[in-house]
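A.B. asks: Structural data only, the sequence is not supplied:
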């Protein structure tokens, strides 16, 4: 797919084309007050590489977009980690908390047995995500920083991460089906729609997040390992 976004575009024009890029801007530390600037200038204020920001924005905006090997090789890995870390903070600190609060309201009219089953399913998923992100924060990111510093820790490689990397959005399908098909009629229909929309948004966001990890982070780290750094 031909690249649409470029470093010479105004950030505000990119947001007009895809308002969900507000999430990428936030996670990479770009302040909204600089949205009227060209991407290259807004990135300079934030101390990030504009090419890396553009690549992640393209992934985030265009279904089916796959960066070329040269594009991946040119990104700054520190900024990729910055994005991924910001995503973890958003998922655990905002998205899941808001979704949990919405679920609590949605199932309030249900009987106690139904509420217990549904809320336990959500709680188990939240714990699974927390464990998933914790492994990346405590194992993968420090490992990458060690490689960048010229040290390669023994007993670990990015292949270990690949082997253990679960599909974190798989259970979102089950959650979606619970809301669409299995909640009793006593649950508010408008609340169902709101929760369903939140699930779809989080699912799509997690898929982009996983794509960045599997197709950008892993590729770059394998190159670092191959360089013997």
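C.D. replies: Here it is on my side, so go on. The structure presented is a predicted model; accordingly, all values stated were derived computationally and were not measured.
A.B. asks: hey, let's count contacts and neighbours off CA atoms from now on
C.D. replies: Noted.
A.B. asks: what ranges do the helices span in this structure?
C.D. replies: Assigned helices in the chain, in chain order: 11-17, 21-27, 39-46, 50-61, 69-74, 77-90, 96-106, 112-135, 141-148, 158-164, 170-177, 189-212, 218-226 (criterion: DSSP state H).
A.B. asks: Point out the other helices and strands that the third one packs with.
C.D. replies: Packing contacts for helix 39-46, counted by 3 or more Cα pairs under 8 Å, 6 or more residues apart in numbering; DSSP states H and E, involve helix 50-61.
A.B. asks: May I ask which helix or strand of this protein has the lowest mean pLDDT?
C.D. replies: None of the helices or strands of the chain scores lower by mean pLDDT, DSSP states H and E than helix 158-164, at a mean of 83.
A.B. asks: Distance from the chain centre to it, please.
C.D. replies: 18 Å (Cα atoms, centre = their mean, to the nearest Å).
A.B. asks: Name the residues that touch it?
C.D. replies: Helix 158-164 is touched from outside by 140, 214, 218, 221-222, with contacts defined as Cα atoms under 8 Å, 6 or more residues apart in numbering.
A.B. asks: Can you lay out those as a markdown table showing distance to residue 57, neighbour count and pLDDT?
C.D. replies: Shown next, in a markdown table, are the contacts of helix 158-164 (distance: Cα to Cα, whole Å; neighbours: other Cα atoms under 10 Å; pLDDT from 0 to 100):
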| residue | distance to residue 57 | neighbour count | pLDDT |
| --- | --- | --- | --- |
| 140 | 23 | 22 | 93 |
| 214 | 16 | 14 | 91 |
| 218 | 18 | 18 | 93 |
| 221 | 21 | 20 | 93 |
| 222 | 23 | 14 | 91 |
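A.B. asks: List just the nearest of those to residue 13.
C.D. replies: residue 214 (28.7 Å; Cα to Cα).
A.B. asks: ok, that closest one to residue 90 distance?
C.D. replies: Computed as Cα to Cα, to the nearest Å, the residue 214 to residue 90 distance reads 20 Å.
A.B. asks: what's the answer for residue 39, then?
C.D. replies: 23 Å.
A.B. asks: Could you check which of the two has the larger neighbour count?
C.D. replies: residue 39 (27 against 16; other Cα atoms under 10 Å).
A.B. asks: If anything else comes up later, I'll come back, but that's it for now.
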